[in-house]
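[1] Okay, predicted coordinates and the sequence, questions at the end:
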Amino acid sequence: MTVPRPHLSFWERLYVPTLLNGFKVTFRHFWRTAVLRRPVTLSYPEEKWVVPEGYRGAPYLVRDQDGRTKCVACQLCEFICPPKAITVHPPGPEVDPATGNVEKRPRDFEIDMLRCIFCGYCQEVCPEEAIFLMKDYALVGQRREDMVYHLDKLLALGGVHLDPVQKWKHKAREAARQETFPVPVPPPQETHAAS
Ligand code: SF4
Ligand code: SF4
């Protein structure tokens, strides 16, 4: 396949207008910084960048308002993560069904922040709303291992996320009811036949 070369006019062949356009941007920044004293840079870390709404920073795990780990170790996020930054170790330890998760939670949950590209796929795919991209963008560590965040750290950084449904609460009650077997059958409702 032959791609036809566009025909350039005399001015386009000079490249002068394009160069001038580039200098225009440079001069605008120079004017703003040197003359108007409105620098476009920050004295980081003394000055912190105010992160805009909707910014996708580091992904962390969250608990619900009763302190339950919302993650159920389904591994969907591990499967979907493009750079394979997530490793989930299921299942977690058994916990009291009255207070904790009924089925399972991760034994450990690792996110390699050196690999994470903050794409947000894990947040999108999570069926439990257990992982969210927060606003942290400055992640530091002295060794590579420091940049692999584990379950406790991820939960501590993620904090509490209000869960209006709290399906585990109902599941816990259901499980408690089924502790006694056979499950007591409620007496039949009396029906009044129309005469
Ligand atoms: S934000 Fe993207 S890259 Fe980072 S852990 Fe989630 S899915 Fe993986
Ligand atoms: S964070 Fe969500 S998607 Fe990932 S393992 Fe936990 S429940 Fe599944």
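    Looks like it arrived, so ask away. Numbers count the residues shown, from 1 in each chain. Ligands and ions are numbered 1, 2, ... in the order given.

[2] Buried ones in stretch 136-154, by neighbour count?
    For stretch 136-154, a neighbour-count test (16 or more other C-beta atoms under 10 Å) marks 147-149, 151, 154 as buried. No exception for glycine: its C-beta is placed from N, CA and C like everyone else's.

[3] cool, stretch 10-25 as well?
    Within stretch 10-25, no residue is scored as buried using 16+ other C-beta under 10 Å.

[4] Same question for stretch 169-182.
    169, 172.

[5] and that stretch, what's its mean pLDDT?
    For stretch 169-182, the mean per-residue pLDDT is 74.

[6] Show me which pair in the buried residues of stretch 136-154 is furthest apart.
    Spanning the widest gap among the buried residues of stretch 136-154 are Met147 and Leu151, at 15.5 Å by C-beta to C-beta.

[7] Can you confirm whether stretch 144-161 lies near ligand 1?
    No - using C-beta under 6 Å from any ligand atom, we find that stretch 144-161 stays clear of ligand 1, coming within 10.1 Å at best.

[8] which SS state does Leu20 fall under?
    helix (DSSP: H, G, I helix; E, B strand; the rest coil).

[9] And it, how far from ligand 1?
    Between Leu20 and ligand 1 the computed distance is 41 Å (C-beta to the nearest ligand atom, to the nearest Å).

[10] swap in Arg177?
    For Arg177, the distance to ligand 1 - C-beta to the nearest ligand atom - is 37 Å.

[11] Can I get the buried residues of stretch 136-154 in CSV including secondary structure, pLDDT and distance to ligand 2?
    Listed next are the buried residues of stretch 136-154 as CSV, based on DSSP: H, G, I helix; E, B strand; the rest coil; pLDDT from 0 to 100; distance: C-beta to the nearest ligand atom, whole Å:
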residue, secondary structure, pLDDT, distance to ligand 2
Met147, helix, 97, 19
Val148, strand, 97, 16
Tyr149, strand, 98, 13
Leu151, helix, 96, 10
Leu154, helix, 98, 9
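
[12] nearest to Ala73, of these?
    The closest of the buried residues of stretch 136-154 to Ala73 turns out to be Leu151 (C-beta to C-beta; 10.2 Å).

[13] Which residues are in contact with the closest one?
    For Leu151, the contacting residues are 61, 106-110, by C-beta atoms under 8 Å, 6 or more residues apart in numbering.

[14] From Phe79, how far out is it?
    Noted for Leu151: a distance of 18 Å to Phe79, by C-beta to C-beta, to the nearest Å.

[15] Tell me who's in contact with the nearest residue to Leu114 once chain neighbours are set aside.
    With sequence-adjacent residues excluded and distances taken as C-beta to C-beta, 6 or more residues apart in numbering, Leu114 is closest to Met147, at 4.7 Å. Contacts of Met147 were listed using C-beta under 8 Å, 6+ apart, and they are 112-114, 139, 141.
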